[in-house]
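1. Dropping the sequence and predicted coords here.
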Amino acid sequence: MPPGEIRFDTRAVDTINEEAEGIYHRVLVPAEALRAGRNVVAVEAHQVNRTSTDLVFDLRMTALGLAAEKIPGADELDRLETALDISTDVRAILWTARARLLQDVGLAERAEEARQRLLSFDQEDPAAWWLAARAAVQTDDLEAAYLHYRRALTAAVALAQQSGPARRLFLPPGLAHFGRIADDSPLTIARAGVLRADSADAERGWELLLLNRWLAERAPEDPDVRKQRAAFLAPAGEFAQAEELVDGLLSAYQDGAALDPLGIRKHKELLALRETILRGMGRRQDADGVRREIFAIPPRRPDSGPKQLDLTQYYNASLYDGRDWDNNADLHLSLLPETFELHEGIAFDIRGIIQLSGTNMPAALPYPQRVAGIPVDAETESIHFLLAACRAFDRVPGVELGRVVFRYADGSTETLRLIDQQNIADYWAYSYQTIDPALIAWKGANTQPGRNEPFQLFHIAWRNSHPERRIATLDLESAMASSAPFVVAITRD
């Protein structure tokens with residue numbers, strides 16, 4: 001702001017961009033400025049000009065009391081800790097807490113004295129350099145803050161490789177995730193940054209901005225690191241930088257070349273990240289367009305033949321995003337296409353999901369009770385299904401969940417019944433399930449954070465009792481039990 005009197009219509013002198021946008025400024029309010037009872041905080045936000053396109057404001061108040069001012073002097077505490085024979089690791093933890101509290105109440109000199117005591121135990125103590133970075137941020141010295149944060153991060157990662165020091169368990173929140181990683185590769189550190197982004201506090205903004213700069217210097221062209229950088233910048237509100245990173249990565253997919261299953265998954269993940277960024281920027285229409293790209297069924301692979309039935313027009317759910325399937329974005333089968341191996345020599349065309357209805361399915365997802373008329377148009381001895389059930393919560397084996405109706409060209413039909421725990425079960429591999437393990441065609445990692453039950457799909461081989469008759473079409477039907485069956489792929493002999 002300019003010097004002199006500040007009115008409601010006074011323009012700001014400078015714009016706040018990039019790194020500075022994520023920095024919180026602490027203002028100490030003396031106790032005598034408050035009164036007993038209700039107090040009102042009035043705030044003005046000043047733009048630099050009339051055409052500024054954005055405005056961000058956030059505020060938090062914390063009561064600090066007089067605790068920090070009552071902390072004894074450093075020399076007195078040293079003597080006390082020595083007399084009590086407190087271990088070095090515990091003393092380091094105590095001095096970290098003291099320095100943070102002293103910084104919070106604006107006692108900068110005493111905070112620095114506490115930080116120096118911390119350094120006397122270990123010149124590369126990560127908390128000590130994190131405190132130095134924090135102090136530099138409070139004085140708007142971003143270059144010093146970056147140098148100190150880089151040193152703190154390096155020390156935290158080094159500490160993670162050691163099994164002994166107890167203080168690695170008591171690092172400041174901003175370093176805690178880095179104090180537990182297995183290696184010091186930029187990708188591992190970037191993934192720890194994504195975990196840090198999940199913790200919302202006043203330090204997160206400046207930490208992630210400095211981490212982004214550090215990773216940009218260490219691995220500027222690594223696409224996986226760039227993706228993780230965008231993933232932690234978006235929650236920190238740095239949407240412009242995140243969008244630039246994601247758009248650069250997406251440009252590699254615009255040449256129209258066919259993608260293998262791994263490439264398709266990575267493309268969909270980038271689109272999901274871009275959708276998140278656009279919604280954070282308030283660009284709803286653009287985000288809706290990206291969402292449609294995410295749910296679009298990938299093209300049929302060139303090596304798929306007529307034996308693999310083309311289900312493109314019948315898919316009604318995506319393998320890559322669970323919002324329109326199991327009503328949870330984290331629940332999806334995106335790993336299936338790249339990890340599926342032939343089961344009993346049968347190849348499947350794996351690109352989407354045909355989900356049927358059931359009483360446990362959310363009302364917001366109106367799946368059909370019946371999908372009819374899927375073309376077969378062949379004489380065949382067997383037809384193979386890759387399938388499972390969704391939301392089988394009731395644990396009642398023997399219940400009919402659905403059926404497949406085979407329609408011959410002569411008008412006759414045959415039916416395959418889908419019976420819970422006999423030839424179908426929930427796609428979550430729960431321990432109570434009793435289905436024959438030989439029917440399990442695929443097992444993959446659970447995509448929901450914090451859950452260990454693997455995902456699974458089953459292979460049902462229907463034997464045609466009239467192989468000389470041409471099967472015209474087949475229908476998939478739900479029995480409207482609590483659990484809802486779904487089919488991923490169908491192959492005939």
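-> Alright, I've got the coordinates.

2. Over to stretch 113-130 now: how far is its first residue from its last?
-> Taking C-alpha to C-alpha, to the nearest Å, the span from the opening residue of stretch 113-130 to its closing residue is 15 Å.

3. Enumerate every residue touching Val487.
-> For Val487, the contact set (C-beta atoms under 8 Å, 6 or more residues apart in numbering) comprises 311, 353-354, 385-387, 476. Heads up, the C-betas are built off the backbone N, CA and C, glycines and all.

4. List only those of those residues flagged as buried.
-> Among those, the ones that count as buried by 16 or more other C-beta atoms under 10 Å are 311, 353-354, 385-387, 476.

5. who does Glu477 bridge with?
-> Note on Glu477: beta-bridge partners by DSSP bridges are Arg370, Arg403.

6. in the chain, what spans have low per-residue confidence?
-> Applying pLDDT under 70 to the chain picks out residues 1-4, 13-32, 48-54, 60-70, 163-169, 255-258.

7. And stretch 194-207, end to end?
-> First residue to last in stretch 194-207 (C-alpha to C-alpha) measures 12 Å.

8. Check the offset of that stretch from the chain's centre.
-> Distance of stretch 194-207 from its chain centroid, counting by C-alpha atoms, centre = their mean, to the nearest Å, is 14 Å.

9. try stretch 300-317
-> Computed by C-alpha atoms, centre = their mean, the chain-centroid distance of stretch 300-317 equals 30 Å.

10. Buried ones in it, by neighbour count?
-> 304, 307-309, 311, 314-317.

11. could those be laid out in CSV, adding distance to His459 and secondary structure?
-> Shown next, in CSV, are the buried residues of stretch 300-317 (distance: C-beta to C-beta, whole Å; DSSP: H, G, I helix; E, B strand; the rest coil):
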residue, distance to His459, secondary structure
Ser304, 18, coil
Lys307, 15, coil
Gln308, 14, strand
Leu309, 15, coil
Leu311, 16, coil
Tyr314, 19, helix
Tyr315, 19, coil
Asn316, 22, coil
Ala317, 20, strand
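
12. out of those, which one sits closest to Leu118?
-> Ala317 (54.1 Å; C-beta to C-beta).

13. So what sits opposite the closest one in the bridge?
-> Going by DSSP bridges, Ala317 forms beta bridges with Ile353.

14. give me every residue that touches Thr491.
-> Taking C-beta under 8 Å, 6+ apart, we find Thr491 in contact with 307-309, 346-349, 383-384.

15. for the nearest residue to it once chain neighbours are set aside, helix, strand, or coil?
-> Using C-beta to C-beta, 6 or more residues apart in numbering and skipping the chain neighbours, the partner closest in space to Thr491 is His384 (4.6 Å). Of the three states, His384 takes strand according to DSSP: H, G, I helix; E, B strand; the rest coil.

16. What is the burial count for His384?
-> His384 is flanked by 25 other residues according to other C-beta atoms under 10 Å.

17. and what of Val41?
-> For Val41, the neighbour count with other C-beta under 10 Å is 7.

18. my guess is it meets Leu59, correct?
-> Yes - contact criterion C-beta atoms under 8 Å: Val41 and Leu59 qualify, at 7.4 Å.

19. show me what contacts the spatially closest residue to Gly280 that is not a sequence neighbour?
-> Nearest non-adjacent residue to Gly280, counting by C-beta to C-beta, 6+ apart: Phe239, 5.1 Å away. Listed by C-beta under 8 Å, 6+ apart, the contact partners of Phe239 are 233, 277, 280-281.

20. what would the buried residues of stretch 300-317 look like in a markdown table with distance to Leu342?
-> Shown next, in a markdown table, are those (distance: C-beta to C-beta, whole Å):
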| residue | distance to Leu342 |
| --- | --- |
| Ser304 | 14 |
| Lys307 | 13 |
| Gln308 | 12 |
| Leu309 | 17 |
| Leu311 | 19 |
| Tyr314 | 23 |
| Tyr315 | 22 |
| Asn316 | 26 |
| Ala317 | 24 |
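
21. Ala74: which of those is nearest?
-> Distance to Ala74 across the buried residues of stretch 300-317 (C-beta to C-beta) is lowest for Ala317, with 62.8 Å.

22. Relative to Phe57, how far out is that closest one?
-> In this view, Ala317 and Phe57 are 41 Å apart by C-beta to C-beta, to the nearest Å.

23. returning to that earlier point: give me the beta-bridge partners of the residue nearest to Thr491?
-> Ala461, Thr491.

24. my guess is it contacts Ile346, does it?
-> Yes - between His384 and Ile346 there is a contact at 4.9 Å, judged by C-beta under 8 Å.

25. so what's in contact with these two at the same time?
-> Residues touching both His384 and Ile346 by C-beta under 8 Å, 6+ apart: 459, 461, 491.

26. now, among those residues, which is nearest to Trp206?
-> Scanning these for proximity to Trp206, where the rule is C-beta to C-beta, the winner is His459, at 52.6 Å.

27. Tell me how many other residues crowd the closest one.
-> Counted with other C-beta under 10 Å, the neighbours of His459 add up to 20.

28. Just read off the phi/psi values of it.
-> Dihedral pair for His459: phi -110, psi 120, per degrees, to the nearest 10.

29. List the contacts of it.
-> If you count contacts by C-beta under 8 Å, 6+ apart, His459 has them with 343-344, 346, 384-386, 439-441.

30. List the contacts of Ala481.
-> Contact partners of Ala481, counting by C-beta under 8 Å, 6+ apart, are 358-359, 399-402, 420.

31. Try it again at 6 Å.
-> The contact partners of Ala481, taken as C-beta atoms under 6 Å, 6 or more residues apart in numbering, are 399, 401.

32. just Lys307 next, same as before
-> 491-492.

33. who's sitting farthest from the centroid in this protein?
-> Of all residues in the chain, Asp410 has its C-alpha farthest from the mean position, at 52.2 Å, by C-alpha atoms, centre = their mean.

34. secondary structure class for that one?
-> Strictly by three-state DSSP, Asp410 counts as coil.

35. Dihedrals phi and psi, the spatially closest residue to it that is not a sequence neighbour?
-> Distance criterion C-beta to C-beta, 6+ apart; nearest residue to Asp410, sequence neighbours excluded, is Arg469 at 6.4 Å. Per-residue torsions, Arg469: phi -90, psi 140 (degrees, to the nearest 10).

36. which outside residues touch stretch 251-268?
-> Here stretch 251-268 makes contact (C-beta under 6 Å, 6+ apart) with 294, 298, 320, 334, 337-338.

37. just how off-centre is it within its chain?
-> 20 Å.

38. What residues are bridge-paired with Ile419?
-> Under the criterion used (DSSP bridges), Ile419 bridges to Glu400.

39. Could you report the separation of it from Arg370?
-> Distance, Ile419 to Arg370, using C-beta to C-beta: 18 Å.

40. Comparing the two, which residue is more hemmed in?
-> Taking other C-beta under 10 Å, Ile419 and Arg370 do not tie; Ile419 has more neighbours (18 against 14).

41. circling back to that earlier point, didn't the residue nearest to Asp410 look like it was pressed against Arg407?
-> No - Arg469 is beyond contact range of Arg407, at 10.5 Å (criterion: C-beta atoms under 6 Å).

42. tally of neighbours for Thr403?
-> Let me fix one detail, which is that residue 403 is Arg and not Thr. 17.

43. so it touches Thr413, yeah?
-> No - Arg403 is beyond contact range of Thr413, at 10.6 Å (criterion: C-beta under 6 Å).

44. Can you report how many residues neighbour the closest residue to Asp224 other than its chain neighbours?
-> Nearest-residue entry for Asp224: Leu187, 5.3 Å, with adjacent residues in sequence omitted and distances by C-beta to C-beta, 6+ apart. Burial measure for Leu187: 15 neighbouring residues, criterion other C-beta under 10 Å.

45. Thanks a lot, see you next time.
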